[in-house]
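Enquirer: Curious how this folds, go ahead:
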Amino acid sequence: MIKEVVYLMKERWFRILVGFILVFLLIYLISITDFVFAPVFSYLGAIAVPIIVAGVIFYVTNPIVNLLEKYKVNRIIGIIVVFLLILILGFFTVNFIAPIVQQQFSKFLDNIPKMVEAFQSVVTYWQQNQNIIPPQLENPIQRITENLDTYVEDITSFLFNFFGQIFGFVFSFLLTPFFLFFMLKDGDRLVPFISKFLSEPKERSFTRLMASINHTLASFIQGQFIVSVCVGVMLYIGYLIIGLQYSLTLALFGLLMNFIPFVGPFLSAIPAIIVGFFQNPMIGVWALVVMVIAQQIESNFISPNVMGRVLKLHPLTIITLILAAGSIAGFLGLLFIIPAYAVVKAIISHFYHEWKKKQPEGEKDVI
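Expert: Numbering: from 1, shown residues only. The predicted structure is shown next:
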């Protein structure tokens, strides 16, 4: 019996199974003693948002600092230049873009009752003048008409929650500049500092793991930022050409939604098409055409050249992750689930390759 136990302990699959059991046991112990960790979780929750926001801005601005450093510009001066660029962008947004967006959004909210009334009148006219509607469709149409006010309230509350979360990000910027400064200044020192406490083989493995995670996050955040800005600009130009109302607000909404892979473009198309149809049915059709053209240019020309196939995720995987994250964490979950999944995937892939390297050749052939 003892020999069998010793033999099992030498098996790698058994050690992995024991490791999983210990991890789940640790999670269970933390869950039943959460009162001990509550202050720690509260502290982490307070600093999580500014750290995440600073991390996103870090990956967007770090290439600028590195480029300036290549031209013999001191890194501190490069960081100051980046902060000045952010301040100029913020000044331009607050003084020129924000007032227009606020005016368009307020006008849109004021026009919602008229849009609802127009939709109800169209449905009523259609029901009174069409005798060929199948009985199976009459009840759904009636329910939609009766509950239209509820649907509008739900959409309006979603928009307010959406912009409320955006304002939450704005308030987190009070701490973000401090985190961003030290990330840009000392970000490349973190891995070497931790590596000093590891043995040589583990140090190489840890360095490769951190390089893989850094490459994944940098490629996704930088690529998604460039792609989203390009899509937003194309939508704004297209909406201006067709004369769509609230063009700047709808284009900015499309820009933000495009940060959500695969699903975001479809979400951003809905309000533009609805507004276009209420303005003029042909403008609604043209809004759909503009969205399709912008997405075709993005998917066939911009994304392949900017992002390539960094994440290599199947669309079904993306949809599943987004549905789960949206129901659990709302809009923030939609934004961060894909890069979080990509990081977890990179970690698992790294440890799997490390495990394959340590296996004897005979066992590799069996697998």
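
Enquirer: what's the distance between the spatially closest residue to Leu321 that is not a sequence neighbour and Leu256?
Expert: Of all residues not flanking Leu321 in the chain, Ile337 sits nearest, at 4.9 Å (Cβ to Cβ, 6 or more residues apart in numbering). (Glycine included, C-beta is placed from N, CA and C.) Between Ile337 and Leu256 the distance is 16 Å, computed by Cβ to Cβ, to the nearest Å.

Enquirer: Neighbour count for these two, which is higher?
Expert: In this comparison of Ile337 against Leu256, neighbours counted by other Cβ atoms under 10 Å, the higher total goes to Ile337 at 22 against 18.

Enquirer: Quick one: residues contacting Tyr239.
Expert: Remark: with contacts taken as Cβ atoms under 8 Å, 6 or more residues apart in numbering, Tyr239 is in contact with 247, 250-251, 272, 287, 290.

Enquirer: Now the two most distant members of these.
Expert: Maximum pairwise distance in these, criterion Cβ to Cβ, is 11.1 Å, between Ala251 and Ala287.

Enquirer: Report how many residues lie close to Phe91.
Expert: Using other Cβ under 10 Å, the number of residues around Phe91 comes to 10.

Enquirer: Torsion angles phi and psi at it?
Expert: In this entry, Phe91 is assigned phi and psi values of phi -60, psi -40 (degrees, to the nearest 10).

Enquirer: how about the residue nearest to Leu321, what does it touch?
Expert: Taking Cβ under 8 Å, 6+ apart as the definition of contact, the neighbours of Ile337 are 321-322, 324-325, 329.

Enquirer: switch the cut-off to 7 Å
Expert: The contact partners of Ile337, taken as Cβ atoms under 7 Å, 6 or more residues apart in numbering, are 321-322, 325.

Enquirer: Now render those residues as CSV, adding neighbour count.
Expert: Converted to CSV, those look like this (neighbours: other Cβ atoms under 10 Å):
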residue, neighbour count
Leu321, 20
Ile322, 21
Ala325, 21
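
Enquirer: Show me which of these is closest to Gly19.
Expert: Using Cβ to Cβ, Leu321 is the member of those that sits closest to Gly19, with 25.2 Å.

Enquirer: name the element the closest one belongs to?
Expert: With elements taken from DSSP states H and E, the one containing Leu321 is helix 315-358.

Enquirer: Gly90: which of the contacts of Ile337 is nearest?
Expert: Using Cβ to Cβ, the shortest approach to Gly90 within those belongs to Ala325, at 28.8 Å.

Enquirer: Could you check how far that closest one is from Pro99?
Expert: Between Ala325 and Pro99 the distance is 33 Å, computed by Cβ to Cβ.

Enquirer: swap in Val73?
Expert: Plainly put, Val73 is 35 Å away from Pro99 if you go by Cβ to Cβ.

Enquirer: out of these two, which sits in the busier spot?
Expert: When Val73 and Pro99 are compared for neighbours, Val73 comes out ahead with 13 against 10, by other Cβ under 10 Å.

Enquirer: Tell me the secondary structure at the more buried one.
Expert: For Val73, the secondary structure call by DSSP: H, G, I helix; E, B strand; the rest coil comes out as coil.

Enquirer: Return the distance of the nearest residue to it once chain neighbours are set aside relative to Met183.
Expert: Excluding its sequence neighbours, the residue lying closest to Val73 (Cβ to Cβ, 6+ apart) is Val81, at 7.7 Å. Noted for Val81: a distance of 16 Å to Met183, by Cβ to Cβ.

Enquirer: what's the answer for Glu69, then?
Expert: Applying Cβ to Cβ, the value for Glu69 to Met183 is 15 Å.

Enquirer: Domain boundaries for this structure, per the record?
Expert: The chain breaks down into these structural domains: 33-187, 198-362 (assignment by automatic domain parsing).

Enquirer: Tell me which of the ones you listed sits nearest to Leu26.
Expert: If you check each of these against Leu26 by Cβ to Cβ, domain 33-187 wins as the nearest, at 10.8 Å.

Enquirer: For the stretch 51-200 of the chain, give me the ranges with low pLDDT.
Expert: Applying pLDDT under 70 to the stretch 51-200 of the chain flags residues 112, 114-173.

Enquirer: which residues in it form helices?
Expert: Counting by DSSP state H, counting those that start in this stretch, the segments of the stretch 51-200 of the chain that form helices are 75-92, 98-129, 135-146, 148-172, 176-186, 190-195, 200-242.

Enquirer: sorry, back to before: I'd guessed the residue nearest to Val73 sits against Leu68; true?
Expert: Yes - under the contact definition of Cβ atoms under 7 Å, Val81 touches Leu68, with a separation of 6.4 Å.
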